[in-house]
Every structure is written in C-alpha cells, then in structure tokens.
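> Coordinates for the following, if possible.
(one chain, ligands or ions: 1)
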Amino acid sequence: MASTATSRMAQAFDELSGDYDDAHHDAVAAELTRWLDPSAGRAVADAACGTGAVALAVAGRWKGSGAASPVLAVDLSAGMVAAGRARAERAGLAGAVDWRVGPAVPLPVRAGALDLVLCASSLHFLGRAALADWLRALRPGGRVGFSLPVASTFRPRGVFAELVAADLPLPETAEDAVRLTEAAGFTAVAARTFQVGTRAVLLVRAETPGGEGGRAG
Ligand SMILES: C[S@@+](CC[C@H](N)C(=O)[O-])C[C@H]1O[C@@H](n2cnc3c(N)ncnc32)[C@H](O)[C@@H]1O
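Okay, the predicted model is just below:
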C-alpha cells in the first residue's frame, strides 16, 4: 500500500476509534474464533486487529491455560490499538496480546512462523496481497480464518469507500468465497454465512498446502 493510502487508512480509523462498533465486530470475531478453535499456546496472529476483537477472543479462550505466547495483534491505526489495549486491561488480558502499530501486510514475522492467522472484517481493506502474505507467514498445514462482507449488502460510507482494496472482488455467496480462497492457493477451504442482527457476513477457513493432515493451530 502506498504511503499516502497508508496514512489515510490510519487516520480514518484513528478518528473512528472512539466510536467503533465493537458489538458487531466482537460478534463476528467471536464466531470466527469459535469456528477456528485455536489451541492454547499456538502462534496466532490477528491481522488488522483494530480494537482487538479477535485477539481478545483468542486470549479470553486461553485464559488460565498457561499459554506461553501472546497473540500477535497488528494494526495501522494507533488509535484502534490504544482502544484495544484499554479493552485488554479491563478484561484482565493485558499480557496476553502482543500489540503492534504498523502494516499487517506483510505480517511482522518470519516465513512459516505462524500456526494460525485470523483476520476479521479487514481483508477487504488489506487486499489480495494479504492472502499471499498469509501463505508466506503460515507454516505448511497452518490455518487461516477470515471474514468478508457480502458484496450486495456492503455499503461503506465516506472515506471508507475509497479505502476498500480494488483488487479483491467481494464474494456474494459462500461458494464465491471458497473459489476466491482456493484461487489464492489455500486448501481445505470451507465458507459459510454468519448473520449478526440484520447484517450477514461470510466466514472462511482454510489451510496452507503441505500439511501432514494433523491440525496446526
Ligand atoms: C473494520 S476494522 C476491523 C478491525 C478488527 N479486525 C475487528 O474485527 O474489529 C479494519 C481495520 O483494518 C485496519 N487496517 C486497514 N489496512 C491495514 C493495513 N494495511 N495494515 C494494518 N491494518 C490495516 C484498520 O486500521 C482497521 O483497524
């Protein structure tokens, strides 16, 4: 992403951070996390974490398990990350998340370092390059779980409409989402619709090629 677009993205979400719809996003993140069911202590990243909906859902599930490694949570917006840190403090999860302010593409990890990448409500901003980076960052047989808006009901407003990635056509159906994910190079792809109140989103889970059939993450 060019630097002007990066700073516009960070500024837009900084300005939104005090008034972010945590209820909707927490519901999506909780369902994605429940579906992927990450094993305690695995190397998990929350890509474009915002206020930490996914990272906090994972850390909450791991609480009391003695999991050694914190969830890596990366976002461009310092305001969103600050709100996430405050939420973690309130939830007693302060040490359970490794917060980073910066680009999520590429994720700040070496190749093959991760067992699981989760990305809720953000891939449509990150664009196609994120899918390629997750193939790099995950180990063979690693897993990914993400959500995307449904094409026909997605109506971003104002600056957010301009910030949506142009290179990732949004899916309309679960079948479209499977095709998009397989075309990016993932295997064992499953997708389904998840309804939050009046809003539907698509949830996708998949694996990187080369696993031995056992579960990584
Ligand atoms: C709609 S919010 C979703 C946040 C969070 N995942 C959730 O479920 O609530 C989209 C987030 O993507 C972040 N973002 C967009 N492009 C990014 C990039 N290239 N690198 C890191 N974060 C990015 C924004 O700052 C924002 O916090």
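> Note down every partner strand of the helix or strand harbouring Ala188 and its orientation.
Assigning secondary structure by DSSP states H and E places Ala188 in strand 187-196. Using DSSP bridges, strand 187-196 pairs in its sheet with strand 199-207 (antiparallel).
> Name the strands paired with the strand ranked longest in the chain and say parallel or antiparallel.
When the chain is parsed with DSSP state E, its longest strand is strand 138-149. Here strand 138-149 is paired, per DSSP bridges, with strand 114-119 (parallel), strand 199-207 (antiparallel).
> Need the winner for burial among those.
Burial of those is given as mean neighbour count (mean count of other C-beta atoms under 10 Å); strand 114-119 ranks first at a mean of 27. Any C-beta I mention is one placed from the backbone N, CA and C, and that applies to glycine too.
> Give the other helices and strands that the very next helix or strand once past it contacts.
Later in the chain than strand 114-119, the nearest helix or strand by DSSP H and E is helix 123-126. Using 3 or more C-beta pairs under 8 Å, 6 or more residues apart in numbering; DSSP states H and E as the contact test, the elements touching helix 123-126 are strand 138-149.
> Next, see if the strand it packs on gets close to the ligand.
No - figure legend: strand 138-149 not in contact with the ligand (C-beta under 6 Å from any ligand atom); closest approach 7.7 Å.
> mind exporting that strand as CSV, just the C-alpha atoms?
Coordinates of each C-alpha in strand 138-149 appear next as CSV, following Å, rounded to 0.1, in the frame of the first residue of the first chain:
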residue,chain,number,x,y,z
LEU,A,138,2.0,-19.7,8.0
ARG,A,139,3.8,-23.0,8.3
PRO,A,140,2.8,-25.8,6.0
GLY,A,141,-0.6,-27.0,7.1
GLY,A,142,-1.2,-23.8,9.0
ARG,A,143,-4.6,-22.4,9.1
VAL,A,144,-6.3,-19.1,8.3
GLY,A,145,-9.7,-17.8,9.2
PHE,A,146,-11.2,-14.5,7.9
SER,A,147,-14.5,-12.7,7.4
LEU,A,148,-15.6,-10.7,4.4
PRO,A,149,-18.7,-8.5,3.8
